[in-house]
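Engineer: have a look; sequence and predicted model below, questions after that.
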Amino acid sequence: MSAEKARSGGSAGRDAAGGPPAPMSLRERKKQLTYQAVSDAAITLFLERGFDKVSVAEVAAAADISKPTLFRYFPAKEDLALHRFADHEDEAARVVAARAEGESPLDALRRHFLDGLERRDPVTGLCDAPQVLAYHALLYGTPALVARLHAYLIRSEDALARALGGGARDRLAAGQIIAAQRILASENWRRISEGAGADELYGEAAEAAELGFAQLRWGLEGPGSAGSAGSAGSAGFTDAAGAAGSAASAGFTDAAGSAGSAGSAGSAGFTDAAGAAGAAGSAGSAGSAGFTDAAGGAGSADSVGSADAAGGARA
C-alpha cells in the first residue's frame, strides 16, 4: 500500500463504487487542497505533541493562514483531526445510490465493505501502515475526538436513511448498518493495535464481516409471522410487534418468538430470545453457521457446533 493511500483512507477522490473521480471545478479543487493542507498540518502537530497541547493559532501558523480563515474551513478544533472522515461521512449513502440495477442496498454495502478490507482501506480498521496506526491511536485516545466522531456517525446514519427511503424503518435500518460497520472496523483496529498484521488478520476480518452482514440481513430483510406485509424500497423490515416486512432471501423470528417463514439466510441462522426456532430452509440450517438463543434452544448448522450461554448444545 502506498503512503498516500494509507494517509488518505484509500478512497478520497473516488466515488463510492470505486470508479474514477467525479469532475470538480478549479475553485472546488483549490478548496479541497486547502482543507487537506490545513488538516495535515494539524495532524502532524497533534501526533508530535498531543491534541490538547496544540492550539488552533499554532495550527493556523503552521498552515500559513489566519485563525479566522482556519475557522471558515473548520468550525471546531476537533474537525481538524477528523477531516479524514469527511469523505466517508456519506459513503454508505453513496454506495446505495450508485448500486447496480437489481442489487439490494445491503448487498451493495456488503460488497463495498469487503472490497475495503481487500484494499486495506483504513476506514475498515484493517490497515497496519504506521502512520494510520498513529492516527487511530490519536483519535481513539483523545476523548474530545471520540465525542466529535459521534456527530459524524449520526450524519452517516441520516444520509443512509435518506438513501434508503427516509421512513422510520429506514432510519432504524441505517442505524443498525452504520453501527455494524463501526463495530467491525473497531474490532479490526483493536486486533491490529495489539500486534496482529493486516494480511494475517484479513481472513478473520472478512469472515466477521460476512457474519455481520448476515445478521443484518436476517434482522432487516426477513419476514415475521404476524400481521400484514410492508416493504421499504428493496428491503423489508419487521417492527417490534412482529408485523411482516417483505424480503426474498431471509427468514427470522420476532421479539415474541413467533416463527419467521422459511427462506435462506446467507451464512447464518438464528433463534429468538424466547427460544423459538427461526426457519431457514426447512430445518433452521443456514450455510456454515448455526446459533441458539439464550435459553439454549438448538439451531442447526452444516459444519459448526458449539454450546450456547445456557449450556444447550448447538447442532
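Structural biologist: Thanks, I have the structure now. Numbers count the residues shown, from 1 in each chain.
Engineer: quick one: the helices in the stretch 101-250 of the chain?
Structural biologist: Secondary structure of the stretch 101-250 of the chain (DSSP state H, counting those that start in this stretch): helices at 105-119, 130-140, 143-164, 168-193, 198-221.
Engineer: out of the ones you listed, which is closest to S55?
Structural biologist: Set against S55 and scored by Cβ to Cβ, those come closest in helix 143-164, at 13.9 Å. All C-beta spots, glycine's among them, are computed from the backbone N, C-alpha and C.
Engineer: buried set for the closest one?
Structural biologist: If you call a residue buried by 16 or more other Cβ atoms under 10 Å, then helix 143-164 has these buried ones: 145, 148-149, 152-153, 155-164.
Engineer: quick one, that helix and helix 198-221 angle?
Structural biologist: Inter-element angle recorded for helix 143-164 and helix 198-221: 50 degrees (by axes from the mean of the first three to the mean of the last three Cα atoms, to 10 degrees).
Engineer: residues contacting helix 143-164, please?
Structural biologist: Applying Cβ atoms under 8 Å, 6 or more residues apart in numbering, the external contacts of helix 143-164 come out as 51-52, 76, 78-79, 81-82, 85-86, 88-94, 96-97, 105, 138-140, 170-171, 173-175, 177-178, 182, 232-233, 235.
Engineer: return the members of those residues classed as buried.
Structural biologist: The buried subset of these (16+ other Cβ under 10 Å) comprises 51, 78-79, 81-82, 85-86, 88-94, 96-97, 105, 138-139, 170-171, 173-175, 177-178, 232-233, 235.
Engineer: distance of the residue nearest to L106 when sequence neighbours are not counted from E210?
Structural biologist: Nearest non-adjacent residue to L106, counting by Cβ to Cβ, 6 or more residues apart in numbering: R217, 5.7 Å away. Distance of R217 to E210, given as Cβ to Cβ, to the nearest Å: 10 Å.
Engineer: neighbour count: the two, which is higher?
Structural biologist: Comparing R217 with E210 by other Cβ atoms under 10 Å, the one with more neighbours is R217, at 23 against 19.
Engineer: stretch 170-188 - what's its average pLDDT?
Structural biologist: Averaged over stretch 170-188, pLDDT sits at 96.
Engineer: over to stretch 91-99?
Structural biologist: Computed over stretch 91-99, the average pLDDT equals 97.
Engineer: give me the contacts around it.
Structural biologist: Counting by Cβ under 8 Å, 6+ apart, stretch 91-99 makes contact with 11, 15-17, 105, 107-109, 112, 123, 156, 159-160, 162-164, 174, 177-178, 181, all of which sit outside it.
Engineer: before we move on, back to that, do I have it right that the residue nearest to L106 meets A173?
Structural biologist: No. At 10.9 Å, R217 and A173 do not qualify as touching, with contact defined as Cβ atoms under 8 Å.
Engineer: still on that earlier bit, out of the helices of the stretch 101-250 of the chain, nearest to F71?
Structural biologist: helix 143-164 (15.3 Å).
Engineer: now that closest one against helix 130-140, angle please.
Structural biologist: Using the same axes, to 10 degrees, the inter-axis angle of helix 143-164 relative to helix 130-140 is 100 degrees.
Engineer: nearest spatial neighbour of A161, skipping sequence neighbours?
Structural biologist: Spatial nearest neighbour of A161, chain neighbours left out: A174 (3.9 Å); criterion: Cβ to Cβ, 6+ apart.
Engineer: again with H136
Structural biologist: Spatial nearest neighbour of H136, chain neighbours left out: W189 (5.5 Å); criterion: Cβ to Cβ, 6+ apart.
Engineer: with only the CA atoms kept, save stretch 200-219 in PDB.
Structural biologist: Extracted C-alpha coordinates of stretch 200-219, given in PDB (Å, rounded to 0.1, in the frame of the first residue of the first chain):
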ATOM      1  CA  GLU A 200      -2.700 -12.300   8.600                       C
ATOM      2  CA  LEU A 201      -6.000 -10.800  10.000                       C
ATOM      3  CA  TYR A 202      -7.700 -10.400   6.600                       C
ATOM      4  CA  GLY A 203      -9.400 -13.800   6.600                       C
ATOM      5  CA  GLU A 204     -10.900 -13.400  10.000                       C
ATOM      6  CA  ALA A 205     -11.900  -9.900   9.300                       C
ATOM      7  CA  ALA A 206     -13.700 -10.900   6.100                       C
ATOM      8  CA  GLU A 207     -15.400 -13.800   7.900                       C
ATOM      9  CA  ALA A 208     -16.600 -11.400  10.700                       C
ATOM     10  CA  ALA A 209     -17.900  -9.000   8.000                       C
ATOM     11  CA  GLU A 210     -19.800 -11.800   6.300                       C
ATOM     12  CA  LEU A 211     -21.300 -12.800   9.600                       C
ATOM     13  CA  GLY A 212     -22.200  -9.200  10.500                       C
ATOM     14  CA  PHE A 213     -24.000  -8.600   7.200                       C
ATOM     15  CA  ALA A 214     -25.700 -12.000   7.500                       C
ATOM     16  CA  GLN A 215     -27.100 -10.800  10.900                       C
ATOM     17  CA  LEU A 216     -28.200  -7.500   9.400                       C
ATOM     18  CA  ARG A 217     -29.900  -9.400   6.500                       C
ATOM     19  CA  TRP A 218     -31.600 -11.700   8.900                       C
ATOM     20  CA  GLY A 219     -32.900  -8.800  11.000                       C
END
